[in-house]
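Engineer: Pasting the sequence and the predicted model now:
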Amino acid sequence: MTGFTEIWSYLSQGPLLWLTATLAAYACGDAAFRAAGRRPFVNPVLVAVVLLGTALWATATPYATYFEGAQFVHFLLGPATVALALPLWDNLGHVRRCALPIAAALLAGSATAVISALGIAWAMGVRGEVLISLAPKSATAPVALGISDAIGGSPTLTAVLVILTGITGAIVATPLLNLLGLTDWRARGFAVGVAAHGIGTARAFQVNPLAGAFAALGMGLNAVLTAALAPAILGLFL
Amino acid sequence: MIPALLTLFLCQLAGETAARALHLPLPGPVIGMVLLLALFALFPRLVTALRLVAQGILGHLSLLFVPAGVGVVGHLGLLGQSGLPILAALLVSTVLAIAVGALTFAAVARWTGNHPE
């Protein structure tokens, strides 16, 4: 009989183990989300990240080894972004009719995200590379990494800040927007897409299809605007 | 399913190529999304062909962020050092951005007489 250590060292070399673990952790997160009555604070991404982070720490597995398996899931982010054309197409009529609210909310939401994040971090003593890496955190991950790299930040740190922003947005959006008494799904979805990119968009789709389509639109437009705004606003803090 | 996946991949591939060749500040997949939207306008039958696969992928959009999210473990040291200011900045700015964005949208929609159905 082969020992456990041998089997483990065999499995930990291939992608199967951590790919399976990623799906299993997400299944747990999704089950917890449903069991909690689909409440936003039980975020499936957050649950899965905590489970997998603990597993990596407990088995002393480097992130690079984990990512060899998880990259197959990560890869699908690209085609999924392309697929967002479908909900946009389905709601094109809505989108056409509110070009003005869209433009205004995009500018206001995007500028608020960058200015308030940099302002708070700066006031609390954050400087240098960390501050720079914070500037593009509301943009979708691939854009944010490119911006961070171009303005002298750390792309890997920005990736983490982007994910944390997305999870924060997905958790606070529903209670916050209810508190503000906003019932327009277009406004709710669009603001969440601008502030919390794909993770916020995923959350918006869980709540309402129209909100999801507007979130996808907000995410796409803010990717463009952040590329222009983040370096300019950052200049005020350096 | 294969033609639908092929369409998505081709749009992304064209987007990545355009982004590199023209030095666009946008990521390839976002350009691919715009391209697919244009294809839908040209060939409306494509929408039906893609619907099942696209909805299948988008139904589990959250899952796709898990691998990148696990990358947080590599930065726990830094988050320990300047964790409080970073988390405060993320939380407050996200709350403010969502509130300001949504209130602006609703206000401008009201002024322009654009009511939700």
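Structural biologist: It's in.
Engineer: Now do the contacts for residue B:63.
Structural biologist: A:22-23, A:26, A:44, A:48, A:73 (C-beta atoms under 8 Å, 6 or more residues apart in numbering or on different chains). Every C-beta, even on glycine, is put in place using the N, C-alpha and C of the backbone.
Engineer: nearest residue to residue B:3 other than its sequence neighbours?
Structural biologist: residue B:49 (6.3 Å; C-beta to C-beta, 6 or more residues apart in numbering or on different chains).
Engineer: so who does the one you found touch?
Structural biologist: By C-beta under 8 Å, 6+ apart, the contact set of residue B:49 is B:3-4, B:7.
Engineer: count of residues packed around residue A:36?
Structural biologist: For residue A:36, the count of nearby residues is 12 (other C-beta atoms under 10 Å in any protein chain shown).
Engineer: Just the helices from the chain, written as ranges.
Structural biologist: Using chain A. For chain A, the helices defined by DSSP state H occupy A:4-11, A:16-35, A:44-58, A:63-75, A:77-83, A:85-90, A:92-97, A:99-123, A:128-134, A:141-150, A:155-179, A:185-207, A:209-234.
Engineer: Chain B is the one I meant
Structural biologist: Counting by DSSP H, one finds helices in chain B at the ranges B:2-22, B:28-42, B:45-58, B:66-70, B:76-81, B:83-111.
Engineer: got the contact list for the fourth one?
Structural biologist: Translated: helix B:66-70. Applying C-beta under 8 Å, 6+ apart, the external contacts of helix B:66-70 come out as A:22, A:25-26, A:45-46, A:48-49, A:52-53, A:56, A:63, A:66-67, A:70-71, A:73-74, A:77, A:141, A:159, A:162-163, A:167.
Engineer: Write the ChimeraX selection for whichever of those are buried.
Structural biologist: Typed into ChimeraX, the line below selects the buried ones among these, using 16 or more other C-beta atoms under 10 Å in any protein chain shown:
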select /A:22,25,26,45,46,48,49,52,53,56,63,66,67,70,73,74,77,141,159,162,163,167
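Engineer: Output the below-cut-off pLDDT ranges for chain A.
Structural biologist: Within chain A, the set of residues satisfying pLDDT under 70 comprises A:1.
Engineer: Nearest to chain B within it, name that residue for me.
Structural biologist: Distance from chain B to each residue of chain A (C-beta to the nearest C-beta) is smallest for residue A:109, at 2.8 Å.
Engineer: Would you enumerate the residues in contact with that residue?
Structural biologist: Counting by C-beta under 8 Å, 6+ apart, residue A:109 makes contact with A:190-191, A:194-195, A:218, A:222, B:97-98, B:100-102, B:104.
Engineer: Excluding chain neighbours, what is closest to it?
Structural biologist: The shortest distance from residue A:109 to any non-neighbouring residue, by C-beta to C-beta, 6+ apart, is to residue B:101 (2.8 Å).
Engineer: One more: residue A:148?
Structural biologist: residue A:158 (3.8 Å).
Engineer: burial count for that neighbour?
Structural biologist: Neighbourhood size, residue A:158 [other C-beta under 10 Å]: 25.
Engineer: hmm, back to that, would you check that the residue nearest to residue A:109 makes contact with residue A:190?
Structural biologist: Yes - between residue B:101 and residue A:190 there is a contact under C-beta atoms under 8 Å: 6.6 Å.
Engineer: residues shared between the contacts of the two?
Structural biologist: Counting by C-beta under 8 Å, 6+ apart, the contacts common to residue B:101 and residue A:190 are A:105-106, A:109, A:218.
Engineer: Switch the contacts of residue A:109 over to a markdown table; also include distance to residue A:150 and neighbour count.
Structural biologist: Listed next are the contacts of residue A:109 as a markdown table, based on distance: C-beta to C-beta, whole Å; neighbours: other C-beta atoms under 10 Å in any protein chain shown:
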| residue | distance to residue A:150 | neighbour count |
| --- | --- | --- |
| A:190 | 27 | 35 |
| A:191 | 26 | 37 |
| A:194 | 21 | 38 |
| A:195 | 22 | 34 |
| A:218 | 23 | 30 |
| A:222 | 17 | 29 |
| B:97 | 22 | 29 |
| B:98 | 26 | 31 |
| B:100 | 26 | 21 |
| B:101 | 25 | 30 |
| B:102 | 30 | 28 |
| B:104 | 28 | 22 |
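Engineer: Understood, closing this out.
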